[in-house]
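Trainee: here you go, sequence then predicted model.
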Amino acid sequence: MSTREKYWLKVWSEKRAFEPDPVEGKKKVFATVPFPYMNAAVHVGTAFTAARVEFYARFKRLQGYNVLFPWAWHWTGKTIVGMSQRLKQGDPVVRRAFIEIDGVPREEVEKFVDPEYLASYYTKVSRQVMKDTGFSIDWRREFRTVDPAFRKFVEWQYLHLRELGYVVQGTHPVVWCPFDKSPTGDHDRMEGEGVSPEEFNLIKFHLGEFALVAATLRPETVYGATNVWVNPDAEYSEARVDNELWVVSSAALTKLSEQKHDVVPVRSFKGSDLVGMFAMAPLTGKSLPILPGKFVDSSLATGVVYSVPAHAPYDLMALRDIQEGRVPVGRQVKEIADKIVPIPILTVKGYSQVPADDAVKRLGVTDSLDPRLEAATEEVYSAEFHGGILSQSSGPLAGLTVVEAKAKALELIAKTERLSKMFELPERVVCRCGTRCYVKILENQWFLNYSDQAWKAKARLVVDRAKVFPEGAREWFYSTIEWLNDWPCARRSGMGTKLPWDKDWIVETLSDSTIYMAYYSISKFVNLEKIGPDNLTTGALDYILLGKGNPANVAKAAGTTEKRLKDIRAEFSYWYPVDLRNSAKELIPNHLTFYAFHHAALFPEKLWPRGFGINGMILVEGKKMSKTKGNFVTWRGALEKYGADPFRLALALTADGMDDADWRDRSAQDAKGKVESVVPFVKKSLKAATARETDALDHWLVSSVHRRILTATEAMEEMKIRRASATIFLDLWNDVRYYIHRTEKPRKQTLVDVFSAWVRMMSPFTPFMAEELNHELGGKGLVCQADWPSTKDFPLDERAELAEAVMNRVIEDARNVLKVVKGPRTTLNIYVCSDQAKSFFYELAAAKRKDENVGLVIKKFAALKVQPGRILKLSYEIGDEMLTKLLSNRGFDEFRTLSDASGFMSKELGIKVVVQRAGAKDIRDPANKARDALPTKPGFFLE
RNA sequence: GCGGGGGUCGCCCAGCCUGGUCAACGGCGCGAGGCUUAGGACCUCGUCCCCUAGGGGUUCGUGGGUUCGAAUCCCACCCCCCGCACCA
C-alpha cells in the first residue's frame, strides 16, 4: 500500500467519516451486501458485488444523505467445520487451496484444524483488505453470526416465525450419509451430483406366506409380467417388515428401516435359492416363475424386479440369454423359461407388438449385459410414455394412456394391499467423506413453509413495493416465490444458533441470515458493551424491533435501562428499512427471496426492503473463476497488483445489469493508466489556461458537463455503475480534451469549475486520487464529504451545443469531400445558406413536424434552384433532435459560427477555409455551389 | 425439462422500453501522422465494401411479418450463459 493511501485512510478514520449515527431530520440511506462466508479468502467477485454498494454509498453521501454501509461475517453452517475436518484428515487439495490460492502462511494453516480459528483468520484478513481498498464501511457494527448476542437475535426471529405458523415440522426423504449422519447436498458429494431420491413402487408377489417384493417405476406394465428376476449371486433375506414377511435383497433391509419401516431380519440366503420357485402376481393372479438375471442390481431398491419382455429390453435379453443357452440354468428352469413368450400390453406408433424387440434389433444388442441396453430402454420408455395406449391384454387399464394407466394400476394394486413404496437413488451417490449414501426419511424436520400461499402473496408484495435494479431481475423474484417449496431450516451439525424450542437442531445458514440487517442497529451497542446477550431477551427485542411493550418494564425485566432500550429502538427506527441490498444474481433464488419472505412475515410494511440491486457473476479473462482451474483472483491479490483506486475503477467499469463481469488484467492495467494520468492532466491543463471572458466554447463545455452530471446521476440512482463511471471517466474527460483541443486558449475559471465538479464525481470510484486532486485544486475539507455537483451550476446552452454540432457536421462533410476528390487543392470555399433558404427550410421542418403536406414548401425552394431531393433527404437525415434545436433557436447564426471556426476548421482539415454567405454579392463561386446551400449543410467548392 | 438473462461492425460493449438523429456511442486492438534522442505516455485522423464533389451498397443470431421507414415492434426458430433446493 502506498503512503498516500495510508495517509487518506488515516484521515478518513480520524474524521470518523463513515461512522454515521442517527441525525434527526436528516434523510438516510441504509445500503447492504450479503455478508461473505468465512471459509476462504474474499475474491474479486466479492469485491465486485460489494464495490457496487460502496460506490452507491459514497455517491449518496455526496448527495447529502446520512449513509450507513455496515459489514458482518457469516460463520454459520458446516462448510467451515467440514474444511477443518478435511484438513485434519490430511486432504492435500484443501491444504493447497489454503496455502497457494488464499496465500495463508503455513504456520497458520496448521491451526486451521480448529474451525473457529480458520474462520477468525479469514475474517481478519478479509476485514483488512476491505479497509485497504478504502471501503466506506462503519466497522463499529461488525459482527459474526456465531456471536452470542446475534444468536439471541436469531432465536427471537425463530420464536416469532414459529408463533406465526411459518415454522412447521415435516417428514421428507433426503440423500443421507450414514457416516456424517447428515443429509448430503450436491456440493458435498464426491459422486452423483444432481441425483435426487425417486419413489419406487414396491409390488408384492405372493411366495407362500412371504411377499416377494419387486420394485418398479412402471406399474402400468404389471399385466405384461411373465416372470420375476433376482440376481442369483446376490444375498437376499427373509425379514419381518411392518409385520409382514418379506423377501428382498439384504441390502434393501437397511434402507427400508431408514424409511420408516419396521424391519426385523430373519435369515439370509443366495438369490439362486429363489430360482425356480413361483410367485403370484397381483391383479392377474398369475403364477410367475423366478428366474436368474445377472443384470439385476441387488443394491438398487429391493433387488427384485418383475419381467416385462415385450416392453423392457433388459427383460427381453435376459430371457433370451436363458432360452438361447447363453446363461446356463438347470433343465427344469430352462423348460419353464422356454415356454415364456412376451405379452404385449400396449401399442405405440412406429413400433411392432413387441417394441423392446424393435429397439434391441435396431441397436444390435447381443445379450443382457450389453451396455447398449441403456439406450434401448430409454428409447422404448420415452416412446411408450408419450404415445402408448394400453391394449385389451391389460384388462381394466385398456384404452388408457401410460400416464393414466400408471395411476390406475397403482390404485388397483393398492386395493389388494400389495403395494408399498420406497425411495431410492437412481444413481450412485458418494459423500465427500467417501461413504456411499442412501435415502433416509427424516422425521420431525423443521421447515420454513414457503409453500404457504398467503405467505407467498405477502412476499410478492414485498417485491412489488421495492425497486429492483435492473428491472429485468424482478420477474426472477416472482418466479422464485412461485416455485419455492418448504425449506428445511435446521440441521444437526455445524456452527450456528440452536432452535430455542428444540436444541437438537441448529438454524441452517440461509435461514439465519434473512433479517440480520436489522441487527446492525443493535450490534453497535453490543460492540460498545452497552448491552449484552443476556439483556437481549425476547421482550427487549420485541421493543427494539417492533416497538412492543412498555420500555420501562421491558428494561427492568431484561436487566438494562429504559434509556438504553430507547436509544437502540431509535437507532433501529432511524436506519430501517434497508434501502438497498445488492448481491450477485445467484442469490435471487434463495437468499434474496428468503429475505423478502421473512420481512413480509415479521415486519410491518413500512420496514420492508426498499431496493434490490442485482449484478452478474465474475469471470476471469472470460472464463468462470475457479480454484481448480487456476484462474482464481483474490481480492488481496488484485488490490496489491493494481492499487486501490485502479482496482476500484476497473471493477466499476466492468459490467452493468445482470451481465457477467469479466475481470481482465488488461482492463485493470488500463484503469491504472487512467487513474494515474488524471492529476497530471489537470495540472497541465490548468497551466495552459488563461484568464478571459467566456465564449461560446466555454458555454459548450459547461453545457456538456450539465449533461454528464445528469447522465451519471441518473445512472447511479439506478445502480448502473458502469454507465455512471464511464460517463465520468471517459465521456466527461473527452469533453474536456475536446475543449482544450478546440479552443485557442482554455479559460482558467471554466476549467477550475469543471475540474471541481469532476473530482467530486470521481471520488466515489477513486477516492484516494480524488482526495489528492481535491487537495491540489485547493479544495477545502474532504472530497468524500463534499457535495455532488449540481446541474444548476452548469447551465445548459443549446445554442452553443448547436453551434458545435453544426460545425462538426460541416467538418465531417468536408472531410468526405476531401477524401473523395483527388487532385491538388489549396482552398475550401464554404457557402452558408441564405436567409431565405433557411426560412424555407424551417417552414418545411415545421410542416413536417405537424404532418402537413410539404409539397408547397418544396415548390418555394424551386425558386432558389435547390434540388428538391436534397431538401427532403436533409430533413430526414438531420434528425429530430437537431431539428428541434434548430427550430427553437431560430436566431442561430450559422455564418457567424462557421466564420469564427474557420481557423479551427482549417487546422483540422489541413486546408485554407473561406466561409462565405450564399446569395451575398461578389462572392467567389465559380462552380455555382452556393445555390445548394441549406442549413447545417453548406455548399462546398474546392480549388 | 422448468425458470431467468442474453446473442450488435476484430474484441468488450452502448442503443432496443418511447421505430426515422444508426454504418450504428464509448473503450480495447490495429493502421497513419504529430510529439519525443528512443521507448512509453499523450494528441489528431482512419479502421464493413465501393466511389475524382459531400454519394451508393450490404450489415445489428436466423427466417418471416407490421410500417413510407426496424438493431429497435410482432411471430417462429437456432445458439450461449445462469439457477433448479437440506447448500454457501
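Mentor: Received it, and whenever you're ready, just let me know what you need.
Trainee: now do stretch A:221-237, average pLDDT.
Mentor: On average, the pLDDT along stretch A:221-237 is 94.
Trainee: would you mark the buried spots in that stretch?
Mentor: Judged by neighbour count using 16 or more other Cβ atoms under 10 Å, the buried positions of stretch A:221-237 are A:221-232, A:234, A:236-237. All C-beta spots, glycine's among them, are computed from the backbone N, C-alpha and C.
Trainee: residue contacts, the most centrally placed residue in chain A?
Mentor: For chain A, the residue nearest the mean C-alpha position is residue A:585 (1.2 Å; Cα atoms, centre = their mean). Contacts for residue A:585 (Cβ atoms under 8 Å, 6 or more residues apart in numbering) come out as A:473, A:476, A:614-617, A:658.
Trainee: quick check: the two most widely separated of the buried residues of stretch A:221-237?
Mentor: A:223 and A:237 (29.0 Å; Cβ to Cβ).
Trainee: and for residue A:646, the neighbour number?
Mentor: By the criterion of other Cβ atoms under 10 Å, residue A:646 has 24 neighbours.
Trainee: to clarify, my last question referred to residue A:819.
Mentor: By other Cβ under 10 Å, 8 other residues sit near residue A:819.
Trainee: now it: phi and psi?
Mentor: phi -70, psi -40 (degrees, to the nearest 10).
Trainee: how about it, what does it touch?
Mentor: Contacts of residue A:819 by Cβ under 8 Å, 6+ apart: none found.
Trainee: hang on, residue A:627 in a helix?
Mentor: No: assessed by DSSP: H, G, I helix; E, B strand; the rest coil, residue A:627 does not belong to a helix; its assignment is coil.
Trainee: how near is it to residue A:100?
Mentor: Note on residue A:627: its distance to residue A:100, by Cβ to Cβ, to the nearest Å, is 9 Å.
Trainee: and those two? which has more neighbours close in?
Mentor: Neighbours per residue (other Cβ under 10 Å) separate residue A:627 from residue A:100, with residue A:627 holding more: 15 against 12.
Trainee: if I look at that one, how far off is RNA strand B?
Mentor: Distance, residue A:627 to RNA strand B, using Cβ to the nearest atom of the strand, to the nearest Å: 13 Å.
Trainee: where does chain A have low pLDDT?
Mentor: Applying pLDDT under 70 to chain A flags the ranges A:823-824, A:848-858, A:861-881.
Trainee: pretty sure residue A:817 is in a strand, no?
Mentor: No: checked against three-state DSSP, residue A:817 lies outside a strand; its state is helix.
Trainee: what sits closest to it if chain neighbours are left out?
Mentor: residue A:940 (5.5 Å; Cβ to Cβ, 6 or more residues apart in numbering).
Trainee: next: residue A:511.
Mentor: Residue A:511 sits nearest to residue A:489 (Cβ to Cβ, 6+ apart), 3.9 Å away.
Trainee: mind listing what the one you found touches?
Mentor: With contact set as Cβ under 8 Å, 6+ apart, residue A:489 has these partners: A:167, A:446-448, A:507-508, A:511.
Trainee: are any of these buried, and which?
Mentor: Buried among these (16+ other Cβ under 10 Å): A:167, A:446-448, A:507-508, A:511.
Trainee: of those residues, closest to RNA strand B?
Mentor: Distance ranking of those against RNA strand B, using Cβ to the nearest atom of the strand, places residue A:508 first at 5.3 Å.
Trainee: ramachandran angles for the closest one?
Mentor: Backbone torsions for residue A:508, taken as degrees, to the nearest 10, come to phi -70, psi 160.
Trainee: next, count neighbours for the nearest residue to it once chain neighbours are set aside.
Mentor: Of all residues not flanking residue A:508 in the chain, residue A:491 sits nearest, at 5.0 Å (Cβ to Cβ, 6+ apart). Residue neighbour count, defined by other Cβ under 10 Å, stands at 20 for residue A:491.
Trainee: show me the beta-bridge partners of residue A:491.
Mentor: Going by DSSP bridges, residue A:491 is paired in beta bridges with residue A:506.
Trainee: what's near enough to touch residue A:747?
Mentor: Counted by Cβ under 8 Å, 6+ apart, residue A:747 has contacts A:689-695, A:698.
Trainee: going by distance to residue A:171, which of those wins?
Mentor: Among the contacts of residue A:747, and counting by Cβ to Cβ, the member closest to residue A:171 is residue A:698, at 76.5 Å.
Trainee: near RNA strand B at all, the one helix or strand that closest one maps to?
Mentor: Assigned by DSSP states H and E, residue A:698 falls within helix A:696-717. No: Helix A:696-717 stays clear of RNA strand B (Cβ under 7 Å from any atom of the strand), getting no nearer than 9.4 Å.
Trainee: equivalent analysis for stretch A:408-425, please.
Mentor: No: using Cβ under 7 Å from any atom of the strand, we find that stretch A:408-425 stays clear of RNA strand B, coming within 11.2 Å at best.
Trainee: got the end-to-end distance for that stretch?
Mentor: 25 Å (Cα to Cα, to the nearest Å).
Trainee: cool, and stretch A:97-115?
Mentor: 16 Å.
Trainee: ok, residues contacting that stretch?
Mentor: For stretch A:97-115, the external contacting residues (Cβ under 8 Å, 6+ apart) are A:40-41, A:80-81, A:83-84, A:87-88, A:95, A:117-118, A:121-122, A:495, A:627, A:632, A:634, A:636-637.
Trainee: could you pick out the buried ones from those?
Mentor: A:40-41, A:80-81, A:83-84, A:87, A:95, A:118, A:121-122, A:495, A:632, A:634, A:636-637.
Trainee: now residue A:346: phi and psi?
Mentor: With angles defined as degrees, to the nearest 10, residue A:346 sits at phi -150, psi 160.
Trainee: for it, give me its contacts.
Mentor: For residue A:346, the contact set (Cβ under 8 Å, 6+ apart) comprises A:220, A:311, A:384, A:388-391, A:394, A:402, A:405.
Trainee: gap between it and residue A:401?
Mentor: From residue A:346 to residue A:401 the distance is 9 Å (Cβ to Cβ).
Trainee: identify the contacts common to these two.
Mentor: Taking Cβ under 8 Å, 6+ apart as the criterion, residue A:346 and residue A:401 both touch A:388-390.
Trainee: close to RNA strand B: what parts of the stretch 651-800 of chain A are there?
Mentor: So the stretch 651-800 of chain A meets RNA strand B at A:655-660, A:662, A:666, A:670, A:673, A:677, A:722-723, A:726, A:730-731, A:734, A:737-738, A:741 (Cβ under 7 Å from any atom of the strand).
Trainee: what ranges do the helices span in the stretch 51-200 of chain A?
Mentor: Listed in chain order, the helices of the stretch 51-200 of chain A (DSSP state H, counting those that start in this stretch) span A:79-88, A:92-96, A:106-110, A:115-132, A:148-163.
Trainee: ok, the stretch 451-600 of chain A next?
Mentor: A:453-465, A:474-483, A:520-527, A:538-541, A:551-558, A:562-575, A:593-602.
Trainee: for residue A:285, grab the count of nearby residues.
Mentor: Counted by other Cβ under 10 Å, the residues lying close to residue A:285 total 9.
Trainee: go on, residue A:24?
Mentor: 6.
Trainee: in space, what's closest to whatever residue of the stretch 151-300 of chain A ends up closest to RNA strand B - neighbours in sequence excluded?
Mentor: Among the residues of the stretch 151-300 of chain A, residue A:185 lies closest to RNA strand B, at 2.1 Å counting by Cβ to the nearest atom of the strand. Nearest residue to residue A:185, sequence neighbours excluded (Cβ to Cβ, 6+ apart): residue A:175, at 7.9 Å.
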